[in-house]
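Colleague: Need coordinates for the following:
(one chain, ligands or ions: 1)
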Amino acid sequence: MTRGKLITIEGVEGAGKTTNLPYIQQQLEAHKLRILHTREPGGTEVGEAIREILIAPALPAMHQDTELLLMFAARAEHLKKKIEPALSSGKWVLCDRFTDASYAYQGAGRGISLERIAQLEGWVQGALRPDYTLLFDVDAHTGLGRALSRGEADRFEQEDIDFFNRVRQQYLTMADNNPQRYRVIDASAGLAEVQQQLRHIIAGMFA
Ligand code: TMP
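Modeller: Numbers count the residues shown, from 1 in each chain. Sure thing, here's the model as predicted:
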């Protein structure tokens, strides 16, 4: 059985990644692939319960280390129970956010050192890294505006614009540093144009 590939989807809030996920899945399925679509934090029963704690606006602010460790606790569960078995069975895994979100939000956003995050990444993931990362890039102001128009702000959406500028910048830096893995989508464009970019990117994976 050929092992599947891990594709992660990243971007600031309101960049359109979740909206476009079914389209990405459909494009991959056209290549006769079996897809597992999942998300972080979450993806398992325990992980979804951890997600509730992480995003609940009503809880008091948590220490940044607690936040980081909860992200990786949910990720450990996700990897062991869902992602690894799917990859081993030949499925391609399409994951709405993964460890690069920890570098962007807990690293650049909260100020935790990237080396510390790398230690957790090594511990929880071993050698596993995404095969491809699709970055939906939009300026933080536009993205946050879209996200906030959807309803009550979660704990992250309550952060100020500087926080999201740092998050976006960190994603762009990671894209620059990993050009073989990253594909950057201009998410300021309309839906039809974003989907055209996605078709092109996905076709390129099979060229
Ligand atoms: P979502 O907006 O994609 O549903 O994700 C929920 C929030 O979780 C989002 O604001 C980003 C945040 N997040 C982190 O801060 N670190 C992480 O490692 C992950 C996976 C998500």
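Colleague: what residues are up against Leu6?
Modeller: 83, 87, 92-93, 95, 98, 128-132 (C-beta atoms under 8 Å, 6 or more residues apart in numbering). No exception for glycine: its C-beta is placed from N, CA and C like everyone else's.
Colleague: Could you pick out the buried ones from those?
Modeller: Among those, those classed as buried by 16 or more other C-beta atoms under 10 Å are 83, 87, 92-93, 95, 98, 130-132.
Colleague: Show me which of these is closest to the ligand.
Modeller: Proximity of the buried ones among the contacts of Leu6 to the ligand (C-beta to the nearest ligand atom) peaks at Phe98, which lies at 6.4 Å.
Colleague: May I have the lowest-mean-pLDDT helix or strand in the chain as CSV, with CA atoms only?
Modeller: Each helix and strand of the chain was given a mean pLDDT (mean pLDDT, DSSP states H and E); the minimum falls on helix 140-148 at a mean of 93. C-alpha atoms of helix 140-148 as CSV (Å, rounded to 0.1, in the frame of the first residue of the first chain):
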residue,chain,number,x,y,z
ALA,A,140,-4.8,40.7,8.3
HIS,A,141,-7.2,43.6,8.2
THR,A,142,-9.3,42.1,5.3
GLY,A,143,-9.2,38.6,6.8
LEU,A,144,-10.2,39.7,10.3
GLY,A,145,-13.0,41.9,8.9
ARG,A,146,-14.4,38.8,7.1
ALA,A,147,-14.1,36.6,10.1
LEU,A,148,-15.7,39.1,12.5
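Colleague: Remind me what it packs against, helices and strands.
Modeller: helix 161-177 (3 or more C-beta pairs under 8 Å, 6 or more residues apart in numbering; DSSP states H and E).
Colleague: The next helix or strand after the helix it packs on: how far from the chain's middle?
Modeller: Where DSSP states H and E defines the elements, the next helix or strand beyond helix 161-177 is strand 182-186. Here strand 182-186 is found 13 Å from its chain centre; the criterion is C-alpha atoms, centre = their mean, to the nearest Å.
Colleague: in the chain, which spans are strands?
Modeller: Ranges of strands in the chain, per DSSP state E, are 6-11, 35-39, 92-96, 132-137, 182-186.
Colleague: Can you say which of the ones you listed is packed in most?
Modeller: Comparing the strands of the chain by mean neighbour count (mean count of other C-beta atoms under 10 Å), strand 6-11 ranks first with a mean of 25.
Colleague: CA atoms of that strand as CSV?
Modeller: What follows is strand 6-11 as a C-alpha-only set of coordinates in CSV (Å, rounded to 0.1, in the frame of the first residue of the first chain):
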residue,chain,number,x,y,z
LEU,A,6,-0.4,15.0,4.2
ILE,A,7,-1.7,18.4,2.8
THR,A,8,-2.2,21.2,5.3
ILE,A,9,-4.2,24.4,4.8
GLU,A,10,-3.1,27.5,6.6
GLY,A,11,-3.8,31.3,6.7
